[in-house]
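S.K.: I need the structure of the sequence given here:
(one chain, ligands or ions: 1)
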Amino acid sequence: MTETFGARLHAAMAARGPFCAGIDPHPGLLTAWGLTDDVDGLERFARTAVEALGDTVALLKPQSAFFERHGSRGVAVLENVIADARAAGALVLLDVKRGDIGSTMQAYADAYCDPASPLCADAVTVSPYLGFESLRPVLDTAAAHGNGVFVLALTSNPEGPEVQRATTADGRTVAGTMLDHVRAANAGAEPLGSVGVVVGATTGGAATGGSGEDLAVGGPLLAPGIGAQGATVADLATVFGAALPQVVPSASREVLSAGPDPRALRAAAQKTIDDVRDLLFRASTGA
Ligand SMILES: O=c1ccn([C@@H]2O[C@H](COP(=O)(O)O)[C@@H](O)[C@H]2O)c(=O)[nH]1
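M.R.: The predicted structure is shown next:
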């Protein structure tokens with residue numbers, strides 16, 4: 001039987017450290033790396049990032065938008081990133097944040113969760129804001145192939161709370177409702193469920209105060225927002241509390257701005273991994 005995404009991610013986090021490096025080829029980063037803002041520059045950037053990080057980081061997260069902005073040839077580069085990163089031993093989370101009616105979600109599921117597609121990754125990000133059950137085709141297709149799904153819950157951007165922290169008729173927040181759905185989807189999964197959530201490292205006190213959302217969903221908690229968006233590794237303790245061991249902190253520009261030297265890229269990623277491991281050690285020992 002195919003090993004689940006949750007089990008593979010759990011093993012990768014233990015072996016390589018809990019960290020997700022984003023591959024976001026911003027035009028400004030291409031320029032800073034001495035590359036042209038075109039498909040050739042994109043390809044050099046992506047290849048360098050994968051070669052530097054693919055054999056050391058647990059999870060690589062290409063941001064689809066920065067490939068799509070170069071048209072079909074950019075998407076072809078993205079296909080190679082997915083294949084090359086997996087060949088190097090990293091798990092790949094494709095950050096594409098899809099959300100639509102169920103029948104269209106099946107087409108997205110075919111594109112991103114079925115190994116027959118060249119855009120299939122180990123996991124994909126989705127938006128549940130057309131209703132959680134609209135995600136069913138992606139959840140089922142991913143599960144059938146041992147792949148994972150990350151559902152947006154409390155995003156890292158300052159505009160998120162107006163929707164996500166709104167209170168529903170039953171008194172839960174919208175984000176809290178999504179977290180409950182994800183908890184149900186992961187019921188009984190060991191050692192880690194394959195349905196994760198996105199909770200920004202910038203969201204401050206979600207676990208310990210804020211609107212009181214319960215972050216123990218039985219799956220991984222992707223925490224973007226470290227570095228360029230202002231959050232630090234130390235903030236993770238406040239945001240996630242007892243859920244810290246399930247957190248996969250994520251940073252893109254923070255690491256990529258160390259490039260193009262592959263050793264500097266690797267060192268930047270390793271520093272974050274070391275800081276997270278140190279935080280986890282201190283949290284578990286009370287030191
Ligand atoms: O809530 C969210 C969900 C996804 N993202 C994505 O993560 C990276 C962050 O990049 P940085 O350079 O580390 O700021 C980017 O691809 C976002 O689309 C997020 O930031 N927040």
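
S.K.: look up how far Leu93 lies from Ser194.
M.R.: From Ser194 across to Leu93, the span is 12 Å (Cβ to Cβ, to the nearest Å). The C-beta positions use only the backbone N, C-alpha and C, and glycine is treated the same way.

S.K.: doesn't Val248 lie inside a helix?
M.R.: No: using DSSP: H, G, I helix; E, B strand; the rest coil, the assignment for Val248 is strand, not a helix.

S.K.: where does the residue lying farthest from the centre of the chain fall, phi/psi-wise?
M.R.: For the chain, the largest distance from the centre (Cα atoms, centre = their mean) belongs to Ala169, which lies 30.1 Å off. The phi/psi pair for Ala169 (degrees, to the nearest 10) reads phi -60, psi -30.

S.K.: shared neighbours, Ser194 and Leu93?
M.R.: Jointly contacting Ser194 and Leu93 under the rule Cβ atoms under 8 Å, 6 or more residues apart in numbering are Ala123, Gly148.

S.K.: thinking again about what came up before, the residue farthest from the centre of the chain and the ligand, how far apart?
M.R.: From Ala169 across to the ligand, the span is 26 Å (Cβ to the nearest ligand atom, to the nearest Å).

S.K.: same question, Ala144
M.R.: With distances taken as Cβ to the nearest ligand atom, Ala144 is found 25 Å from the ligand.

S.K.: count the residues that sit near that residue.
M.R.: 12 (other Cβ atoms under 10 Å).

S.K.: could you check the pLDDT of it?
M.R.: For Ala144, the pLDDT comes out at 98.

S.K.: how about the residues of the chain by the ligand?
M.R.: 22, 24, 63, 95, 155-156, 198, 200, 224-225, 227-229, 250-254 (Cβ under 6 Å from any ligand atom).

S.K.: and those, which of them are buried?
M.R.: Buried subset of those (neighbour count, 16 or more other Cβ atoms under 10 Å): 22, 24, 63, 95, 155-156, 198, 200, 224-225, 227-229, 250-254.

S.K.: give me the subset of the residues of the chain next to the ligand lying in strands.
M.R.: Of the residues of the chain next to the ligand, the ones assigned to strands by DSSP state E are Gly22, Asp95, Val198, Ser250, Ala251.

S.K.: average pLDDT for the helix or strand hosting Val151?
M.R.: Taking DSSP states H and E as the criterion, Val151 maps to strand 148-154. Summarised as a single mean, pLDDT over strand 148-154 is 97.

S.K.: tell me which strands and helices the very next helix or strand once past it is in contact with?
M.R.: Counting by DSSP H and E, the next helix or strand C-terminal to strand 148-154 is helix 161-164. Packing partners of helix 161-164 (3 or more Cβ pairs under 8 Å, 6 or more residues apart in numbering; DSSP states H and E): strand 148-154, helix 174-185.

S.K.: quick check: buried residues in helix 161-164?
M.R.: By neighbour count on 16+ other Cβ under 10 Å, the buried set for helix 161-164 is Pro161, Gln164.

S.K.: repeat for stretch 25-35
M.R.: Pro25, His26, Leu29, Leu30, Trp33, Leu35.

S.K.: the third one against Phe45, yeah?
M.R.: So that's Leu29. Yes: counting by Cβ atoms under 8 Å, Phe45 is a contact partner of Leu29 at 7.1 Å.

S.K.: overlap in contacts of the two?
M.R.: Gly259.

S.K.: number of nearby residues for Ala7?
M.R.: Neighbourhood size, Ala7 [other Cβ under 10 Å]: 17.

S.K.: which parts of the protein are strands?
M.R.: Under DSSP E, the chain gives strands at 20-23, 59-62, 91-98, 123-126, 148-154, 195-199, 221-223, 247-251.

S.K.: which stretches of the chain aren't confidently modelled?
M.R.: 1, 205-211 (pLDDT under 70).
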